[in-house]
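Trainee: here is my input, please return the structure:
(chains A and B)
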Amino acid sequence: MAVDRSDIAKLAKLARIQITDEAADEAAKSISDVLALVDQLQAVNTDGVLPMAHPLDAVQRLRADVVTETNQRKAFQAIAPATQDGLYLVPQVIE
Amino acid sequence: MHQFTIAELVTGLRNKDFSSTEVTQHYLDRIARLDNTYNSYITVTADIALQQAAAADKRLAAGNAPALCGVPIAHKDIFCTTGVRTSCASKMLDKFIAPYNATIVENYLNSGTVMLGKTNMDEFAMGSSNETSWYGPVKNPWAIDCVPGGSSGGSAAAVAAHLAPAATASDTGGSIRQPAALCGLTGIKPTYGRVSRWGMIAFASSLDQAGILSRTAEDAAILLNDMASYDAKDSTCVERDVPDYTADLHKSLKGLRIGVPKEYFGEGLNPQTAKLVEDAIKVYESLGATIHSVSLPHTHLAVPAYYVIAPAECSANLSRFDGVRYGHRCENPKDLNDLYMRSRSEGFGAEVKRRILVGAYALSAGYYDAYYSKAQKVRRLIKQDFIDAFASVDVILGPTSPSPAFQFGSKTKDPVAMYLEDIYTIATNLAGLPGLSIPCGLVDSKPVGLQLIGNFFAEGQLLNAAHQFQQATHFHQQSAPGIE
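Mentor: Numbering: from 1, shown residues only, chains lettered A, B, ... in the order given. Below is the predicted model of the structure:
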C-alpha cells in the first residue's frame, strides 16, 4: 500500500517525530517502497497459523514478590538532562 | 603480536611470553596509529584498558586467573559499559554515560578480559553497511572504498585490521554474519535466548542476539564460553547449562548431514560467490560430510516479514527516548510535546526515523492484522521450514551474503536494495536459530562468507563444522592487503 504526505504527517505525529515538508515526499516514497516489499505477505495463506511472538514460544517467568533492586535514583538522575529535588524536569504541563 | 589469535594470546599470557599490559599497549598503539583510516572505534578506553591489563597481570602472576584473563577485546557500542559513553552510534546517546554494565560485559569483566574500546556500528544497529552511524561510516580494510557491512561494521573492521583480536557484536537480521562475510572473519549469532540481552540497547527484542566476531571458529568457541550465561534479568534468556563450546571442535565430520537449500542459490546471488560456496561444499564432502538438497519454501517471505516485525518492535523500543530521563534533549522546549518532537527529531537519523514510521504504520489501528499479525504468522511458517529441514539434516549451508562488499553510497538511496543484503541471514533470526559465517575465498580481492545454520542450541556443532573447515582451508588466515 502506498502512503502519501498526509499519512506521513499522521504517522510522524503518532511517533513524535517531526518531518519537514521537503522531507515528507521522500519519506512517503521510501516508506511506500518498504510497504510494497512487505505487501508480498498478503499473498500467503496463513489460515489456522498461530502468530509467533517469540522463537522459543517461551512464557513469562515469575519470581517471588520481594524487593531485589535497591533504589538508584541518584545514579540514574545523574545522566538526566534536567532534574530538581530528585524529580525529572519537563516544561509546564498544567497552567 | 597483533597476529595472534585469542587461543594463542591465552597460551602466551599463561606461559609469560608477554604480559597483558604489553599486548594491550600494542593494540592501543595500533589503534592510535591506524584507526583514522578505518573509523572502527567510537570510543577508545585506553586508561581503563591499561588498568584492567595491570590487574590481569597480577591475577596471572598469582596463578589463579580464568582462561581469558588479560586478553584484550573490543565491545560493540550497543552494550552498556559503566562510566563509559554508550552511544549506539546515535546523536541521541552521544553524551550517554551508562550507569551499569551489560551482562555480557560483566561476564567478560569477571573473566579478566581487557576492554580496548567501543566499536562503531549502524545507528541503533539499523543498517547493513555501517553508513547510518552518527560518527561516520567505517571503511572495509579489504577495500577502503567499500562498506564493512553492518550493523556490526566497526567490530568487523577492527578485527580485520588487527585493531582488536576479537570483538563483541549483535545480530538482529544478519548484523554479525554479514560483516563477518564482508570482512573475511568468523562471526557467530547464537540461538535466541542463549546470551543475555540485558544492557544491550534494544532494537527488535524478539530478534536481537549478542555474539562474536573473531578470526577463527576456535576463538569464537573460547569467547562464547564466557559470553553465554543464564541471566534472570533478561526474561527471554534461557535457563540452560552452558556447555564447553571448545569440547567438540576436533570431532570428525564423518557422517555429518549438511542440507543445502535450493532457495539460497536463486536470482540475486553473485555467480562467483555461488561458485565459492559450491567449492566449500566439496571441502565438506572431502571431510566426510554428506550433502543433501533441502527446501525452505518460505525463504522469499523472510525479508518482508522481518521489515514488519523489526520496525514494529523498533518503534515500541525507541519510544523510550523522550528527552526526559537520558539522551538528547532539545534546547528551550516550549511545551512537553515540543520537547518530545524536537528531541527525537534532532536525536535520530534518517534510517531510524524511517523504521519508526514503518513500525508505527504496521501497529496502527486498522493495519495491525494486515501487517503485524500477518507477519507473525508468516514467521511461524518460516520457523516450520527449518524444523522440517532439520528432521533430515544436522546443519544447513549456504551463502551468507548475496555478493562481496559494495561501494559506499551505492545502496543508501534505495532502502529496499539495502534490506535485500540480508536475504540469507534474516530467516535465522526470525526462527531464533544459531548461525555463523566463515570465510570461503575471495571475489575481486574481497572476502566471501559461507553461512552455516544449526538447530536450536547446536552452537557446538556449528563451531565444530566451522573449525574443521578451517583446519582444511586457509581462507581465515588471509589478511586484508596492507595489514601485516
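
Trainee: taking chain A, what residue is nearest to chain B?
Mentor: Residue nearest to chain B within chain A: residue A:55 (2.2 Å; Cβ to the nearest Cβ). C-betas here are computed from N, CA, C, even on glycine.

Trainee: pretty sure that residue belongs to a helix, no?
Mentor: No: Residue A:55 is assigned coil when assessed by DSSP: H, G, I helix; E, B strand; the rest coil, not a helix.

Trainee: strands along chain B, start to end?
Mentor: Using DSSP state E, the strands of chain B run over B:41-44, B:72-76, B:114-119, B:166-171, B:186-189, B:209-214, B:257-261, B:290-294, B:395-399, B:435-443, B:446-454.

Trainee: for the last one, packing partners?
Mentor: Right, strand B:446-454. With contacts defined as 3 or more Cβ pairs under 8 Å, 6 or more residues apart in numbering or on different chains; DSSP states H and E, strand B:446-454 has these neighbours: helix B:177-183, helix B:271-286, strand B:395-399, strand B:435-443, helix B:459-472.

Trainee: same question, the first one
Mentor: In terms of contacts (3+ Cβ pairs under 8 Å, 6+ apart), strand B:41-44 is packed against helix B:20-38, strand B:114-119, helix B:153-160.

Trainee: give me whichever of these is most buried.
Mentor: Neighbour counts (mean count of other Cβ atoms under 10 Å in any protein chain shown) averaged over each of the helices and strands packed on strand B:41-44 peak at helix B:153-160, with a mean of 35.

Trainee: returning to that earlier point: most tightly surrounded among the helices and strands packed on strand B:446-454?
Mentor: Of all these, helix B:177-183 has the most neighbours on average by mean count of other Cβ under 10 Å, namely a mean of 35.

Trainee: residue closest to the middle of chain B?
Mentor: Residue closest to the average C-alpha location in chain B (Cα atoms, centre = their mean): residue B:176, at 2.4 Å.

Trainee: quick one: contacts for that one?
Mentor: Contact analysis of residue B:176 by Cβ atoms under 8 Å, 6 or more residues apart in numbering or on different chains lists B:152, B:169, B:170, B:187, B:188, B:189, B:211, B:212, B:213, B:437.

Trainee: the fourth one and residue B:439 touch, don't they?
Mentor: No: with contact defined as Cβ atoms under 8 Å, residue B:187 and residue B:439 do not form a contacting pair (10.1 Å).

Trainee: circling back to that earlier point, closest one to residue B:343 among the helices and strands packed on strand B:446-454?
Mentor: Among the helices and strands packed on strand B:446-454, the nearest to residue B:343 by Cβ to Cβ is helix B:177-183 (30.5 Å).

Trainee: what residues of the worst-scoring helix or strand of chain A on mean pLDDT count as buried?
Mentor: When each helix and strand of chain A is scored by mean pLDDT, DSSP states H and E, helix A:21-38 comes last, with a mean of 89. Using 16 or more other Cβ atoms under 10 Å in any protein chain shown as the test for burial, helix A:21-38 gives A:24, A:27, A:28, A:30, A:31, A:32, A:34, A:35, A:37, A:38.

Trainee: tabulate those (TSV), appending distance to chain B.
Mentor: Formatted as TSV, these follow (distance: Cβ to the nearest Cβ, whole Å):
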residue	distance to chain B
A:24	11
A:27	7
A:28	10
A:30	5
A:31	6
A:32	10
A:34	5
A:35	7
A:37	5
A:38	5
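
Trainee: okay, now the closest residue to the residue of chain A closest to chain B other than its chain neighbours: neighbour count?
Mentor: Computed as Cβ to Cβ, 6 or more residues apart in numbering or on different chains, the closest residue to residue A:55 that is not its neighbour in sequence is residue B:432, at 2.2 Å. Applying other Cβ atoms under 10 Å in any protein chain shown, we find 24 residues neighbouring residue B:432.

Trainee: hmm, residue B:432 is touching residue B:380, no?
Mentor: No: counting by Cβ under 8 Å, residue B:432 does not reach residue B:380; the two are 11.3 Å apart.

Trainee: could you pull out the helices in chain A for me?
Mentor: Using DSSP state H, the helices of chain A run over A:5-14, A:21-38, A:73-77.
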